[in-house]
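# requesting a structural model of the entry that follows:
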Amino acid sequence: MGRRRNAPLYKLFAWVRRQSTKVKTFLAAACVICPLVALKLLVHDHNQFFVVSEAVHFAGILVLIYKLTTQKTCSGLSLKTQELTAIFLAARLCCSLFMEGDIHTVLDFVTLVSTLWVIYMIRFKLKSTYIVELDNMPLYYVAVPSAILALFIHPYTHHARIGRILWAFAVYLESVSVLPQLRMMQNMKMVEPFTANYVFALGVARFLGCAHWIIKVYDSAGKYLYLAGSGYIWLPMVLVAEVVQTFILADFCYYYVKSVMNGQLLVTLPLPV
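Predicted coordinates:
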């Protein structure tokens, strides 16, 4: 532990904690901009960001499967987040089968099957270890607004209207599906490693998805947001949804990295205000 606390990364983290709010804000902005610039320069096909994003999400689910099969406990996992994940994946898969039928469809399918397995384990096999009283965010808080928003703001393409609405619903629901898990972790105050790794994987996945849109908008000088045939509100709303989910997860990712730098196995979250 002594060697870890003397490590350069730990010293850097301690230095950051001592800085003023303005300096911390500048450093946070730099931590976002630098990876974006690196991705833009190093990756030529920015559409691959979505493929990597979906692959990282699947990897996060595999971490949960490993936890459930080896530790025989689902303590700390939000069933509601897994159910919301299954809903938006099912909606997106239905659309993808008719609209795309490519690698995204395959990744959505394997991720959906894995998520359904996790739900089955929490609901039935490991039900006694599920802390239901801490998983207390009602599903309709996020599902209903997402459905209503999708009815009014969705892409305008040659596909059937129900498919376009379903696609928009998946986009909006995905952006807030992690909220029950974050709420549960906040209630628990401490997050065990496998759950923390899963949520961090979601944060990385969302950053990659958000990076795709930001780079596309930058390269087109903002014109990409208003592509003909896509609706004048739809693409900006997709960008907003990506940014919202990225910021929702950014706070947890900060405490995740902080705990790793401090050599802690458990991620400690601040008390709710």
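# what's the average pLDDT for stretch 171-187?
Here stretch 171-187 scores 90 as its mean pLDDT.
# next, the buried residues of that stretch.
By neighbour count with 16 or more other Cβ atoms under 10 Å, stretch 171-187 contains the buried residues 171-185, 187. Quick note: C-beta positions are derived from backbone N, CA and C, even for glycine.
# looking at the residues you listed, which one is closest to Val52?
Closest approach between the buried residues of stretch 171-187 and Val52, by Cβ to Cβ: Glu174, at 16.0 Å.
# got a list of what the nearest residue to Arg161 once chain neighbours are set aside touches?
The shortest distance from Arg161 to any non-neighbouring residue, by Cβ to Cβ, 6 or more residues apart in numbering, is to His154 (8.0 Å). Listed by Cβ atoms under 8 Å, 6 or more residues apart in numbering, the contact partners of His154 are Arg161, Arg164, Ile165, Trp167, Ala168, Gly231, Trp234.
# can you redo the residues you listed as a markdown table with pLDDT, secondary structure and neighbour count?
Formatted as a markdown table, these follow (pLDDT from 0 to 100; DSSP: H, G, I helix; E, B strand; the rest coil; neighbours: other Cβ atoms under 10 Å):
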| residue | pLDDT | secondary structure | neighbour count |
| --- | --- | --- | --- |
| Arg161 | 83 | helix | 10 |
| Arg164 | 86 | helix | 20 |
| Ile165 | 90 | helix | 19 |
| Trp167 | 89 | helix | 23 |
| Ala168 | 91 | helix | 26 |
| Gly231 | 55 | coil | 18 |
| Trp234 | 78 | helix | 22 |
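# turn those residues into CSV, including distance to Ile248.
Converted to CSV, the contacts of His154 look like this (distance: Cβ to Cβ, whole Å):
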residue, distance to Ile248
Arg161, 29
Arg164, 25
Ile165, 24
Trp167, 21
Ala168, 19
Gly231, 25
Trp234, 21
